[in-house]
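S.K.: need coordinates for the below:
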Amino acid sequence: MKRVLIIYTGGTIGMARTSSGYAPQGDAFHALLNTLPELQDPAMPSWDIVDMNPLLDSSNITVHEWNTIGQMIADQYDQYDGFVILHGTDTMAYTASALSFMLRKNRKPVILTGSQIPLCEIRNDARDNLVTALLIAANDSVHEVCLYFGGKLLRGNRTLKYSADDLVAFISPNYPPLAEAGIQIRYNHKMLLPAVEGSFSLQLLTDVPIGVIKVFPGIQFELFQSIMTEKLKGIVIETFGAGNIPGNADALLPMIRKASENGTIIIVCSQCPHGTVVLGAYETSSALKKAGAISGYDITTEAAVAKLYYLFSRGLSSDEIRSRMSRSIRGEMSTQG
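M.R.: Model (predicted):
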């Protein structure tokens, strides 16, 4: 029988009603899980559950918690066949992206899931998300960090939260689902990452200074000059369309040029969920490329931020980080590396 470890970090799925609203309740959640007949069915893998301490709403998850979750997986990696991480939806895509880089040479399914309605409520999406995530975590076809939600298994570093209200809360706009759960769970084997060779290891992340700037009409770039210092290790710029910026970017380009010369890594993503950044395709994006910015192609902002943390934590040179940011290392973008 396959063995799966459930790691509960907090989030809606395990919350209970309190006088102050929904809040994580570890003991009550454990007791509730033990009453679910689905989880005791012989068709289910054997499972254990551990809690992150403290349990957190996902809006409070930081690099520190990514390291904690990664370490919990690493400590038990040889004892289990797969892992299910129960997580709040607000930052689940960030955590999935971070773990995809941190868990090096990972050959086991690591499935993040959660819910929009707590398991304690009579009508909820938690039960199916949890049951299906456990079944996927016991499947030998999956060798990567994924996010399961609303009937679809998505590559973790390709996802973003799409809706705060719908039960289908996540999308993978630039990569197809790895599996779809209908009457049966149908795996898209061609899209799954193959098993890798070598020994598993964990790369803990250093909380280096990283920023995100979203371009908007009328943006006054000079207001950001104070943060573009040598202390800023990386910055993600969310541009229009395929990498375009306003024509009045006279203040931005010198800042980018200087930051790049100082070793700051500048990666350009698109505000459009679907599509690819191609610096130089339009005149308004050519200037970014000349100033030293890197094309993020179709990477999500969530994955770009996590990848920057990971590469800086490896102690690589600026040139090596720039090279790796422009190519896929965990299936996070549509370029070969």
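
S.K.: assumed N67 was part of a helix.
M.R.: Yes: in this structure, N67 lies within a helix as judged by DSSP: H, G, I helix; E, B strand; the rest coil.

S.K.: which residues sit in contact with it?
M.R.: Taking C-beta atoms under 8 Å, 6 or more residues apart in numbering as the contact definition, N67 lies against 102, 204-205. Quick note: C-beta positions are derived from backbone N, CA and C, even for glycine.

S.K.: quick one: it and R104, what's the gap?
M.R.: In this view, N67 and R104 are 14 Å apart by C-beta to C-beta, to the nearest Å.

S.K.: ok, now M15?
M.R.: 33 Å.

S.K.: between those two, tell me which one has more neighbours.
M.R.: The residue with more neighbours, out of M15 and R104 and counting by other C-beta atoms under 10 Å, is M15; that gives 25 against 15.

S.K.: got any ranges where the stretch 101-250 of the chain has weak pLDDT?
M.R.: For the stretch 101-250 of the chain, the stretches with pLDDT under 70 are 248-249.

S.K.: which parts of it are strands?
M.R.: Under the criterion DSSP state E, counting those that start in this stretch, the stretch 101-250 of the chain contains strands at 103-104, 110-113, 145-149, 152-155, 160-161, 170-171, 179-181, 185-187, 201-202, 210-214, 234-239.

S.K.: I'd like those as TSV, with distance to P194 appended.
M.R.: Conversion of those to TSV gives the following (distance: least, C-beta to C-beta, whole Å):
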stretch	distance to P194
strand 103-104	15
strand 110-113	16
strand 145-149	14
strand 152-155	13
strand 160-161	25
strand 170-171	24
strand 179-181	16
strand 185-187	13
strand 201-202	18
strand 210-214	30
strand 234-239	29
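
S.K.: outline the domain layout of the chain.
M.R.: If the domains of the chain are taken from automatic domain parsing, they occupy 3-202, 210-325, with pieces of a single domain joined by a plus sign.

S.K.: ok, now which ones touch the closest residue to L167 other than its chain neighbours?
M.R.: Taking C-beta to C-beta, 6 or more residues apart in numbering as the measure, L167 lies nearest to D125, with 4.6 Å between them; neighbours along the chain are not counted. With contact set as C-beta under 8 Å, 6+ apart, D125 has these partners: 115-117, 150, 167.

S.K.: ChimeraX command for the buried members of those?
M.R.: With 16 or more other C-beta atoms under 10 Å as the criterion, this ChimeraX line picks the buried residues out of those:
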select :115,116,117,150
